[in-house]
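> Model the following, please.
(2 chains)
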Amino acid sequence: MDAVRAIVGVQLRIIRRDPWFLLIMFGMPLVIMPLFVDTIGLSLQAEGFSDASGAEQVVPGQVVMFGFMLAGSVGFSVYREHGWNTWDRLRASAAPAPSLLAGFAIPWIGIHLLYQVVLLVAGSLLVGLRLEGSVLAELLVLFAYSCCLIAFVLLLTATFRTINQVNAIVNLGAMVFGGLGGAFVPVDSLPRAAQYLSPFTPSFWAMEGHRDVFLEDGGIVDVLPEVGVLMGAAVVLGALTVVRFRVDETKEFFG
Amino acid sequence: MARGLTKSYGDVQALRGADIDVAAGQITALLGRNGAGKTTMISIIAGLLRPDAGTVELDGIDVLSNLDEAAKLTGIAPQDTGVYGVLTVRENLEFFANLAGVERGSRATAATDVAEQLGLTELLDRRAAKLSGGEQRRLHTGCALVHRPQLLMLDEPTVGADVATRAQLIASVRAMANEGAAVIYTTHYLNEVEALDADIVIIDHGEVLARGTRDELVEAHRLSGLEFTLDAALDAATIDGLGLTATDLTANGGATYRTSDDRSIGALIADLGPRSEGLLAVESLRPDLETVFLAVTGDRLDEGGG
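Residues are numbered from 1 along each chain as shown, chains lettered A, B, ... in the order given. Predicted structure coming up:
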């Protein structure tokens, strides 16, 4: 536990030293949100949500897609330790693999959650997103999505040798899973074949949870199925990561 | 402390039943060429690698089955410099103190003490990325000794370091040993071994070939004679006839030979006859660590290597 606390502390310190990365990650979705609100609003109204402005789909959609990209940072942090030659020094503490992984996962789950909250707040200010459902329910959806994605990226880290391989999967995953999961347009608007694939993406369950809260004015009970699926996936992915992760495996950072 | 260490990487056998003992307050220099097995040996002792066979015991603790307990007693500075460039010197030292289990209230003092020992006091609040290569190397070593380990392992700590850094590191290692720490110091540099007044373990192809103090090794493996280079290689019959040993071939077709008796240079020239006109260099083999290494491994130590 001491090693986990120490690694969490140093990771947060490292992240604070380069805030520009996070600021850029905040800025980009804010540019995109206003471009699609009116069009998506019409689509939601056609679905039967007569009061919908479009922000109920666009803002969570951007949160889901850019959140996927941000989650790649936890993998970057692990590979960076190899690039800095500090990985063996962490290992010399004799911390077991789950403790090392927790030292990287915990700060990034926190940052990922905060990122999503700030984007939703910014979305409400920028394009008029209104939260009619339960705040706690929405926080549960956000937290479950953060856990699921961080566990997914750590499994990629346990599996792939180079940061470039993980980056490629995360960036493509953000687009493909985002598209299939309804982050760009509602899943009902997708071709039938794509709709069959949607439930196999974390983006789908996150978007369903957001729809429950923002479009259906839902509460905690309403989002439990989505939260359950995301947390269940996080547990399975986390367990697979612990099984696959080899602390003595050489990883390649850039160059 | 380590017995019968064996480790293979695929078909390559890095260690073949190697043993090493280090007592409290003692510096042991692990001397060997690149690929001799030095890094593998200290990586196993530090718990970073699992051996295929063998045992490691430290202060009564079986290191291989009690990594967590043993880690608090050991400190390792791997060969490649590993510090957090975005953090300050102080933050680096305090983090590694924290990781090694130093109590919160003692970390700041531990960091300043090590910084003082390594001449980094003025740089405590400077980011590691802004340090010179030598300063980074000192910080890298400092991170290994900030928790005052009972066993300190330094893997080629002075590679790429300037003269001042070398002197500072050697002084720090001696200070640690004087405080009672056992130190394992891998190196290519024979002058450092002498400066550390270290016990010496010579390792080659994964085997420990010799061990002892400098004087013991020199006495046991002293070479006498001459080493000379000719511009053309001698034939086998001539080599046998003159009682020579061939040690190396030169790039331009010449060769280096050694006599193993107390022949003078004049006698050697007489023995070579007309071939002596091709004599490029003659060196008297002195009884020092270089000749010990030569005698034990059959080859010279490449001090230029990393």
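> Over to A:G218: give its phi and psi.
Backbone geometry at A:G218, expressed as degrees, to the nearest 10, gives phi -80, psi 170.
> Quick check: which element contains the nearest residue to it once chain neighbours are set aside?
Spatial nearest neighbour of A:G218, chain neighbours left out: A:D212 (3.6 Å); criterion: CB to CB, 6 or more residues apart in numbering or on different chains. Yep, even glycine has a C-beta here, placed from its N, CA and C like the rest. Using DSSP states H and E, A:D212 maps to helix A:202-214.
> For that helix, which helices and strands make contact with it?
helix A:55-83, helix A:135-159, helix A:163-181, helix A:220-244 (3 or more CB pairs under 8 Å, 6 or more residues apart in numbering or on different chains; DSSP states H and E).
> anything in the host helix or strand of B:F96 near chain A?
Under the criterion of DSSP H and E, B:F96 resides in helix B:89-99. Yes - Helix B:89-99 is in contact with chain A by CB under 8 Å from any CB of the partner chain, via B:91, B:95-96, B:98-99.
> now those in TSV, with pLDDT?
Output for the residues of helix B:89-99 next to chain A, formatted as TSV (pLDDT from 0 to 100):
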residue	pLDDT
B:E91	97
B:F95	96
B:F96	95
B:N98	93
B:L99	92
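> any idea of the angle the helix holding A:D212 forms with helix A:220-244?
160 degrees (axes from the mean of the first three to the mean of the last three CA atoms, to 10 degrees).
> domains of chain B?
With domains defined by automatic domain parsing, chain B comprises B:2-219, B:224-286.
> buried ones in stretch A:159-172?
In terms of neighbour count (16 or more other CB atoms under 10 Å in any protein chain shown), stretch A:159-172 has its buried residues at A:160, A:163, A:165-167, A:169-170.
> That should have said stretch B:244-258, apologies.
B:244, B:247, B:254-258.
> quick check, nearest of the residues you listed to chain A?
Checking the buried residues of stretch B:244-258 against chain A with CB to the nearest CB, the nearest one is B:T247 at 36.8 Å.
> Got the phi and psi for the closest one?
According to degrees, to the nearest 10, B:T247 has phi -110, psi -20.
> State the distance from it to B:G225.
Between B:T247 and B:G225 the distance is 11 Å, computed by CB to CB, to the nearest Å.
> what do those two both touch?
Counting by CB atoms under 8 Å, 6 or more residues apart in numbering or on different chains, the contacts common to B:T247 and B:G225 are B:R258.
> State the number of residues packed around the closest residue to B:L73 other than its chain neighbours.
Closest residue in space to B:L73, ignoring its immediate chain neighbours: B:Q150 at 4.5 Å, by CB to CB, 6+ apart. Neighbours of B:Q150 under the rule other CB atoms under 10 Å in any protein chain shown: 15.
> What separation is there between B:Q150 and B:E94?
21 Å.
> In contact with residue 128, which residues?
I'll assume chain A. A:53, A:55.
> Correction: the question concerned chain B.
B:83-89, B:92, B:136, B:139.
> Which one of the residues you listed is nearest to A:P34?
B:V86 (35.0 Å; CB to CB).
> Could you check how far that closest one is from A:R13?
Counting by CB to CB - B:V86 and A:R13 are separated by 8 Å.
> Run through the chain and note the low-pLDDT ranges.
Here I'm looking at chain A. A:255 (pLDDT under 70).
> not quite, I wanted chain B
In chain B (pLDDT under 70), the answer is B:223, B:300-306.
> and it, which of its residues are near chain A?
Counting by CB under 8 Å from any CB, chain B sits next to chain A at B:46-49, B:67-68, B:70-71, B:74-76, B:78, B:80-87, B:91, B:95-96, B:98-101, B:143.
> Next step: those restricted to helices.
The helices, defined by DSSP state H, take in B:67-68, B:70-71, B:91, B:95-96, B:98-99, B:143 from the residues of chain B next to chain A.
> Filter the residues you listed down to the buried ones.
Using 16+ other CB under 10 Å as the threshold, B:67, B:70-71, B:91, B:95-96, B:98-99, B:143 are the buried ones among these.
> Among these, which one lies nearest to A:T250?
B:L67 (19.8 Å).
> Please verify my assumption that that closest one contacts B:G47.
Yes - between B:L67 and B:G47 there is a contact under CB atoms under 8 Å: 4.4 Å.
> quick one: common contacting residues for those two?
With CB under 8 Å, 6+ apart as the test, B:L67 and B:G47 both reach A:A94.
> List the buried residues of the helix or strand containing A:V31.
If you go by DSSP H and E, A:V31 is part of helix A:19-47. Buried residues in helix A:19-47, defined by neighbour count with 16+ other CB under 10 Å: A:22, A:25, A:29-30, A:33, A:36-37, A:40-41, A:43-44.
> What about chain B: which of these touch it?
Of these, not one also sits near chain B (CB under 8 Å from any CB).
> Just flag the most distant two among those.
A:L22 and A:S43 (31.1 Å).
> For burial, what's the neighbour tally of whichever residue of the stretch 151-255 of chain A sits closest to chain B?
Closest to chain B within the stretch 151-255 of chain A is A:D248: 6.9 Å, counting by CB to the nearest CB. A:D248 sits with 12 neighbouring residues when counted by other CB under 10 Å.
> show me what contacts it?
Per CB under 8 Å, 6+ apart, neighbours of A:D248: A:91, B:48-49.
> who's sitting farthest from the centroid in chain B?
Note on chain B: the largest C-alpha distance from the chain mean falls to B:P274, namely 42.9 Å (CA atoms, centre = their mean).
> quick one: it is in a strand?
No - with DSSP: H, G, I helix; E, B strand; the rest coil as the criterion, B:P274 is located in helix rather than a strand.
> Tell me the spacing between the residue nearest to A:I32 when sequence neighbours are not counted and chain B.
In space, and not counting its chain neighbours, A:I32 is closest to A:Q62: 5.9 Å by CB to CB, 6+ apart. Per CB to the nearest CB, to the nearest Å, A:Q62 is found 29 Å from chain B.
> how close does A:Q62 sit to A:V31?
10 Å.
> At the contact with chain B, which residues of chain A appear?
Counting by CB under 8 Å from any CB, the residues of chain A near chain B are A:2-3, A:5-7, A:9-10, A:13-14, A:17-18, A:84-95, A:248.
> One more pass at 6 Å, please.
A:6, A:10, A:14, A:17, A:85-86, A:88-89, A:91-94 (CB under 6 Å from any CB of the partner chain).
> Could you work out the most separated pair of those residues?
Maximum pairwise distance among the residues of chain A next to chain B (CB to CB): 27.3 Å, between A:R17 and A:A94.
> of the two, who's got more company?
A:A94 (21 against 13).
> How about that one: what's its closest non-neighbour residue?
B:A71 (3.5 Å).
> Just confirm B:G35 is within a helix.
No - counting by three-state DSSP, B:G35 falls outside a helix, being coil.
> what's the distance between it and chain A?
In terms of CB to the nearest CB, B:G35 sits 17 Å off from chain A.
> From B:G10, how far out is that residue?
For B:G35, the distance to B:G10 - CB to CB - is 14 Å.
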